[in-house]
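# One predicted model, sequence on top.
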Amino acid sequence: MLARKLSQVRWARPTGGRTVASRLISSSAFTVVNPTKPLQTYLARHIEQLPFKPSSLILAVSPELSPVLPDLVADKSNGDQVIGVTCDAVPPASQRNAFSACFFGSRAVIDDASALSDGLSQIRNERGVTVGRVNWALSSSFFSIEIGGSVHRPGTSLVLPTANTIFNTGSETTMLYRENDTTSPLLSSLKLRLHTLSGSDKVSKAFTSPLVQIARPQMTITSAVDNMIKTIDNTSAAHFLQSSPELMDPENLTTRDLTTPKKVFAEVFSSKTNSVDRFEVIAGGGGEWSPRSAMLVLEPRAQLSSGDKITFYFAKTINDSQSYLETTELTGSIKDIESQSSTAFVLECAPVMETLDTTLAPYKPDTVLANVFGLGSEQGFLLDDVKHSVNCEVAILK
């Protein structure tokens with residue numbers, strides 16, 4: 001789950017040098033893909049070129065680079081406040097050997113921080129795997145940012161699962177921060193608040209996603225209970241997918257499609273809250289003998305009502321560089337960001353790494369992307385409480 005109650009284990013931040021909410025009117029970001037030099041070299045070079053004195057730095061690294069993250073956080077030449085997080089991949093195109101940095105002229109506000117649970121010790125056994133007093137299991141850790149907003153209007157909120165770094169650093173996650181001379185322990189959750197990215201308290205959002213619409217848009221749910229849809233436009237809900245040529249016509253299916261079922265999503269406009277959310281369709285149709293054969297079941301968090309509007313999409317299969325470039329507009333978007341002078345946050349749903357070579361768009365060594373700060377997760381991300389989990393789906397915040 002992407003949203004959960006934060007751990008009760010809190011790290012007590014120092015009271016001295018209290019962080020205040022101030023306007024972050026200065027920011028500068030860059031991303032390096034396939035670095036060949038020590039990461040501090042790139043940071044120091046960028047600091048020399050900044051038109052302002054950096055007070056805060058947010059660093060995002062891929063797991064391969066996570067062992068050096070604590071040293072980068074501790075280096076005082078990077079600013080009075082340094083925040084480091086490890087994510088599954090760094091955009092664009094889910095790079096597995098890359099890092100992003102974003103400098104600010106004022107400090108971020110740290111609203112919440114939870115230390116890693118004491119249930120897992122940081123001692124490795126003879127095989128190099130961290131063991132503790134309880135059976136080892138993957139934990140869920142989250143990095144959250146709220147950008148902009150005012151007293152009368154909420155800001156843009158982001159929640160991103162961090163990467164598991166057990167095989168890179170011996171810890172289930174590698175996320176921490178430093179304020180002046182005090183460094184936090186490794187954290188399982190961290191929430192920041194930024195006033196702005198580029199001088200305005202409003203954030204613009206752009207999306208690119210390899211989704212293809214199925215059936216008619218904005219159909220009406222006529223019978224539903226919780227996350228289960230019985231009828232749409234007074235017709236069996238499953239009918240709209242079972243009769244879809246995009247999903248069922250053999251001429252539209254590749255060999256990979258036949259062995260890898262397509263993911264189907266439902267975009268729902270709530271008649272009660274006047275808000276839009278997207279949910280994955282997790283079950284539907286089946287044997288005609290079953291009373292539920294006409295129903296569709298969405299993710300458990302969905303709460304549906306008669307009168308809600310619904311549109312179905314399926315996610316196109318992306319398994320190589322060519323299909324990635326054909327089904328996304330990210331390449332052009334990155335070039336636009338680089339040509340401008342303002343910082344952009346690029347968020348990406350990274351495909352699950354199944355082989356050692358999973359680069360969707362290869363870059364040369366030491367490729368530097370100006371103005372880009374990227375975060376990627378194989379579990380997707382929450383943006384303003386809407387879940388984005390389609391492989392290679394991208395959101396750009398400015």
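Good, I have the coordinates.

# quick one, longest strand in the chain?
Counting residues, the longest strand in the chain under DSSP state E turns out to be strand 211-225.

# Could you list every helix and strand in contact with that one?
In terms of contacts (3 or more Cβ pairs under 8 Å, 6 or more residues apart in numbering; DSSP states H and E), strand 211-225 is packed against strand 228-232, helix 239-242, helix 245-248, strand 264-269, strand 309-315. Yep, even glycine has a C-beta here, placed from its N, CA and C like the rest.

# Now do the strands in the stretch 1-150 of the chain.
For the stretch 1-150 of the chain, the strands defined by DSSP state E, counting those that start in this stretch occupy 27-33, 56-61, 81-86, 98-104, 109-115, 123-124, 130-131, 142-147.

# Check which residues of the fifth one are buried.
Right, the one you point to is strand 109-115. Neighbour counts over strand 109-115 (16 or more other Cβ atoms under 10 Å) mark 109-110, 113-115 as buried.

# circling back to that earlier point, right, so of the helices and strands packed on strand 211-225, which gets closest to Ala302?
Among the helices and strands packed on strand 211-225, the nearest to Ala302 by Cβ to Cβ is strand 264-269 (7.1 Å).

# Quick one: list the elements packing against the helix or strand just after that closest one.
Remark: after strand 264-269, the chain's next helix or strand is strand 276-284, criterion DSSP states H and E. Under the contact criterion of 3+ Cβ pairs under 8 Å, 6+ apart, strand 276-284 touches strand 264-269, strand 296-298, strand 386-388.

# follow-up on the earlier one: next, format the helices and strands packed on strand 211-225 as CSV and append mean pLDDT.
Shown next, in CSV, are the helices and strands packed on strand 211-225 (pLDDT from 0 to 100):
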stretch, mean pLDDT
strand 228-232, 93
helix 239-242, 83
helix 245-248, 70
strand 264-269, 92
strand 309-315, 91
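
# still on that earlier bit, closest to Ser141 among the buried residues of strand 109-115?
In terms of Cβ to Cβ, no member of the buried residues of strand 109-115 lies closer to Ser141 than Ser114, at 8.7 Å.

# measure the closest one to Val61 for me?
Taking Cβ to Cβ, to the nearest Å as the measure, Ser114 falls 20 Å from Val61.

# Low-confidence regions, the stretch 201-350 of the chain specifically.
201, 248-261, 285-292, 318-332 (pLDDT under 70).

# repeat that for 50
Residues of the stretch 201-350 of the chain meeting the criterion pLDDT under 50: 255-259, 287, 289.

# And the stretch 51-200 of the chain, by the same measure?
Scanning the stretch 51-200 of the chain with the threshold set as pLDDT under 50 gives 118-126, 128-138.
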